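J.: here is a sequence together with a model predicted from it:
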Amino acid sequence: MKFQAKVTDVTKIEADLLAVFAGSEDAKKVDTAMGGMLSEVAGAEDFEAKPGNLLLIHTHGKIPAKRVLLVGLGKIPELTATDLQTIAAKIGRKAKEVAAKTIAVSLPKELQAQAVVEGLMLGTYTFFKHKSEETQRQEKHIEEVVLLTTPPRLNAVVAGISRGETVSQAVNFARDLVNEPPSFTTPTHLADVSKKLVKGHATMSCEVFGPQEMKKLGMEAILGIARGSEEEPRFIKLSYKGGSSKTVCLVGKGITFDTGGLSLKDSKNMETMKLDMAGAAAILGVFSVLPILKPNINVVGLIAATENMPGPKAVKPGDVVRAMNGKTIEILNTDAEGRVVLADALSYAGVNVKANAIVDLATLTGACMVALGEEIAGMFTDDETLAKDLKRSAAQSGENIWAMPLAREYKEFLKSDVADVKNISGSKYGGAINGALFLQEFAPKGIPWAHLDIAGPAYAEKDTALTPKGGTGFGVRMLLQWLLQ
């Protein structure tokens with residue numbers, strides 16, 4: 001899909017599909033050029049200009065565009081970034097439905113080109129790599145998108161197109177990683193991807209630690225979870241130098257497949273567990289475009305990658321492992337493994353990364369989905385400034401996070417009889433909070449830290465306009481917005 005901006009009369013543009021927004025001046029121009037056909041059909045169909053409502057009509061040669069798509073916007077001041085992206089996604093999906101290869105979108109001055117581009121690219125994403133050649137040939141593709149604008153806005157639209165394409169590429173990069181089969185996206189594969197990302201970029205570097213190096217570092221927590229699998233674990237460190245004195249550290253859970261270990265999941269809950277590395281995928285998506293966006297800040301990405309399998313050497317309920325910071329963990333439930341591997345990653349950040357802020361992303365708890373649903377991530381932090389910045393970046397980028405409490409009184413439930421902490425709470429309630437409190441035990445003191453539980457929005461169980469079924473790439477847009485600010 002190629003994008004360009006043009007200053008062209010909407011009634012003169014050639015395209016398979018022309019999208020105009022209800023009530024706009026361009027919609028009125030098109031209606032006049034078509035002899036009132038647009039308003040006549042809209043009236044006959046009882047078309048309401050609600051956000052995302054669509055009405056498709058053929059132009060019958062009255063204007064060069066073959067079809068006109070009338071798009072509802074509703075009240076523009078009330079539209080969020082997510083609303084704009086979703087509306088654009090619906091335009092893209094309708095274009096694919098009618099096999100339109102070239103589309104033009106008349107862009108009202110109130111709409112940001114970046115949001116429109118992101119909606120079109122994210123909404124029309126497909127993962128067909130493993131489909132048959134015949135199925136792939138049948139897939140319809142939009143080849144060219146022209147955003148129609150005015151001379152004063154041309155430069156801003158061009159810039160918005162560039163930013164939107166780059167951000168969308170990063171999101172879809174993360175989606176691809178999550179959607180790959182777990183036999184393909186192994187810890188070794190994530191390490192290989194990381195190495196490829198930094199090649200040819202002087203501002204980027206990558207270190208990969210195997211089991212021996214991890215043992216020397218004292219990462220018994222990750223190694224303990226990895227014991228049940230034939231696949232070796234990897235600890236990955238990515239670095240980007242943005243020419244700043246400030247550094248942020250992004251930490252990602254990279255469980256490339258989660259059976260639950262000896263605390264085995266049932267078959268239904270295991271079906272989609274290739275998604276358990278979505279936090280790691282988001283970090284890789286971010287790093288894939290840092291050399292393009294060039295944020296003026298140093299970024300370190302840490303990925304703890306392993307499988308969680310019930311092999312003969314697997315960690316057993318009741319086993320104790322020592323994390324890199326010296327704290328011991330009693331593993332009572334091997335299906336609460338994500339927090340265990342992140343214990344080592346956060347410990348490493350405290351010792352080896354001089355960060356001004358740390359943010360971890362993890363598909364950590366089903367409890368967070370119970371609390372917030374499938375589209376909202378839980379944010380846990382004691383730092384009000386970091387919370388405010390992340391919340392704003394999420395809203396501006398079209399993602400949704402919600403502040404959750406780090407209730408200190410719940411720490412009592414994590415005390416172990418035989419170790420410093422246990423990996424599950426002694427209470428059956430507050431699971432998402434208890435997971436965050438566990439991680440806080442390993443986050444370095446004195447550094448702003450936030451935990452994002454992305455278990456809900458990281459993977460779409462059903463198809464929606466903006467997020468086709470499968471990996472969503474959640475977190476990429478928000479983190480890029482945060483880093484650029």
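T.: That came in fine, so what should we check first?
J.: which SSE is the closest residue in space to Thr186 that isn't next to it in sequence in?
T.: Leaving aside its chain neighbours, Thr186 sits nearest to Glu231 (5.1 Å; criterion: C-beta to C-beta, 6 or more residues apart in numbering). Quick note: C-beta positions are derived from backbone N, CA and C, even for glycine. Following DSSP states H and E, one finds Glu231 outside all helices and strands.
J.: which residues touch Glu231?
T.: Thr186, Pro187, Thr188, Thr256, Thr306, Glu307, Met309 (C-beta atoms under 8 Å, 6 or more residues apart in numbering).
J.: which residues in the stretch 1-150 of the chain form helices?
T.: Read by DSSP state H, counting those that start in this stretch, the stretch 1-150 of the chain holds these helices, from start to end of the chain: 25-33, 37-44, 81-97, 113-123, 133-138.
J.: after the longest helix along the chain comes which helix or strand?
T.: For the chain, the helix that runs over the most residues, judged by DSSP state H, is helix 154-179. For helix 154-179, the following helix or strand on the C-terminal side (DSSP H and E) is helix 187-198.
J.: okay, now the sheet partners of the following helix or strand past that following helix, with direction.
T.: With elements assigned by DSSP H and E, the helix or strand that comes after helix 187-198 is strand 204-209. Within its sheet, strand 204-209 is paired with strand 234-240 (antiparallel), according to DSSP bridges.
J.: could you dump the strand it pairs with to CSV, C-alpha only?
T.: Written as CSV, here are the backbone C-alpha positions of strand 234-240 (Å, rounded to 0.1, in the frame of the first residue of the first chain):
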residue,chain,number,x,y,z
ARG,A,234,17.7,-16.4,25.5
PHE,A,235,18.1,-13.1,27.3
ILE,A,236,18.2,-10.3,24.8
LYS,A,237,19.5,-6.8,25.3
LEU,A,238,18.8,-4.2,22.6
SER,A,239,20.3,-0.7,22.8
TYR,A,240,19.5,2.5,20.8
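J.: quick one: the very next helix or strand once past it to strand 234-240, angle?
T.: Note on strand 234-240: by DSSP H and E, the next helix or strand toward the C-terminus is strand 247-258. Strand 247-258 runs at 150 degrees relative to strand 234-240, counting by axes from the mean of the first three to the mean of the last three C-alpha atoms, to 10 degrees.
J.: helices and strands around strand 247-258, which ones?
T.: Judged by 3 or more C-beta pairs under 8 Å, 6 or more residues apart in numbering; DSSP states H and E, strand 247-258 is in contact with helix 187-198, helix 278-293, strand 298-308, helix 338-352, strand 357-362.
J.: what angle sits between it and helix 278-293?
T.: Relative orientation of strand 247-258 versus helix 278-293 (the same axes, to 10 degrees): 140 degrees.
J.: quick check: mean pLDDT of the helix or strand that strand 247-258 is followed by?
T.: Once strand 247-258 ends, the next helix or strand along the chain (criterion: DSSP H and E) is helix 267-270. Across helix 267-270, pLDDT averages out at 93.
J.: residues in contact with helix 267-270?
T.: With contacts defined as C-beta under 8 Å, 6+ apart, helix 267-270 is touched by Asp258, Thr259, Gly260.
J.: OK, contacts around the closest residue to Glu45 other than its chain neighbours?
T.: Counting by C-beta to C-beta, 6+ apart, Leu55 is the residue found nearest to Glu45 once chain neighbours are left out, at 6.0 Å. Residues in contact with Leu55 (C-beta under 8 Å, 6+ apart) are Val41, Ala42, Glu45, Phe47, Leu69, Leu70.
J.: most neighbours among these, which one is it?
T.: Highest neighbour count within the contacts of Leu55: Leu70, with 26 neighbours (other C-beta atoms under 10 Å).
J.: can you give me the pLDDT of it?
T.: Each residue has a pLDDT score; the one for Leu70 is 98.
J.: ok, and the closest non-adjacent residue to it?
T.: What sits nearest to Leu70 in space, not counting adjacent residues and going by C-beta to C-beta, 6+ apart, is Leu55, at 4.2 Å.
J.: and the gap between the one you found and Lys215?
T.: Note on Leu55: its distance to Lys215, by C-beta to C-beta, to the nearest Å, is 64 Å.
J.: sorry, back to before: of all the helices of the stretch 1-150 of the chain, which one is nearest Ala443?
T.: Proximity to Ala443, assessed across the helices of the stretch 1-150 of the chain by C-beta to C-beta, is greatest for helix 81-97 (29.6 Å).
J.: what's the angle from the closest one to helix 113-123?
T.: Helix 81-97 and helix 113-123 are oriented at 50 degrees to each other (the same axes, to 10 degrees).
J.: returning to what we had before: of all pairs in the contacts of Glu231, which one is the farthest apart?
T.: Of all pairs drawn from the contacts of Glu231, the greatest distance, 14.9 Å, lies between Thr188 and Met309 (C-beta to C-beta).
J.: which one of these two has more residues nearby?
T.: Taking other C-beta under 10 Å, Thr188 and Met309 do not tie; Met309 has more neighbours (22 against 16).
J.: so that one sits against Gly228, correct?
T.: Yes: using C-beta atoms under 8 Å, Met309 is in contact with Gly228, at 4.2 Å.
J.: common neighbours of these two, please.
T.: With C-beta under 8 Å, 6+ apart as the test, Met309 and Gly228 both reach Gly261.
J.: low pLDDT regions in this structure?
T.: Residues of the chain meeting the criterion pLDDT under 70: none.
J.: what domains does the record give for it?
T.: The chain breaks down by automatic domain parsing into domains covering 2-149, 173-484.
J.: which residues are in contact with the residue lying closest to Lys313 once chain neighbours are set aside?
T.: The shortest distance from Lys313 to any non-neighbouring residue, by C-beta to C-beta, 6+ apart, is to Arg227 (4.5 Å). Neighbour list for Arg227: Gly311, Lys313, Ala314, Val315 [criterion: C-beta under 8 Å, 6+ apart].
J.: good, wrapping up.
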